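1. Sharing a sequence plus its predicted fold:
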Amino acid sequence: MSFIVNSSPGAGLRFEPSVTLPDAQAALSHAAGLALRGMRLIKIKDTVSGEVFDERALRSKLMAAKSE
């Protein structure tokens, strides 16, 4: 399953294109890097289900899946 990570730049930052990554952990790592560079409104889309998450929601879903 792959994930698309997309963001909106903060004031004065250049636009960065969306990136498709092979798994949720890679998507979360990329999202964290975007946040450190000042990007905002970071969204992560599961390409299989079509669900769209923010970083916190995807982490929560992964934690819930681990505990099951």
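-> Noted; the coordinates are in hand.
2. use CA for all of it now, contacts and neighbours both
-> OK.
3. Could you list the buried residues of stretch 35-46?
-> 35, 39-40, 42-46 (16 or more other C-alpha atoms under 10 Å).
4. residue contacts, the residue most central in space within the chain?
-> Closest to where the C-alpha atoms of the chain average out (C-alpha atoms, centre = their mean) is residue 44, at 3.5 Å. Residues counted as contacts of residue 44 (C-alpha atoms under 8 Å, 6 or more residues apart in numbering) are 3-6, 27, 31, 52-55, 58.
5. before we move on, what about residue 21?
-> Residues near residue 21 by C-alpha under 8 Å, 6+ apart: 2-5, 27.
6. Could you identify the most distant pair in the residues you listed?
-> Using C-alpha to C-alpha, the contacts of residue 21 reach their maximum pairwise distance at 2 and 5, which is 10.0 Å.
7. shared neighbours of these two, anything?
-> The contact sets of residue 2 and residue 5 overlap at 20-21 (C-alpha under 8 Å, 6+ apart).
8. Look up phi and psi at the spatially closest residue to residue 53 that is not a sequence neighbour.
-> Distances taken as C-alpha to C-alpha, 6 or more residues apart in numbering place residue 44 nearest to residue 53, at 5.1 Å, with adjacent residues excluded. Backbone torsions for residue 44, taken as degrees, to the nearest 10, come to phi -120, psi 120.
9. Please tell me how far residue 44 sits from residue 12.
-> 23 Å (C-alpha to C-alpha, to the nearest Å).
10. how about residue 45, secondary structure?
-> Here residue 45 is strand, with the state taken from DSSP: H, G, I helix; E, B strand; the rest coil.
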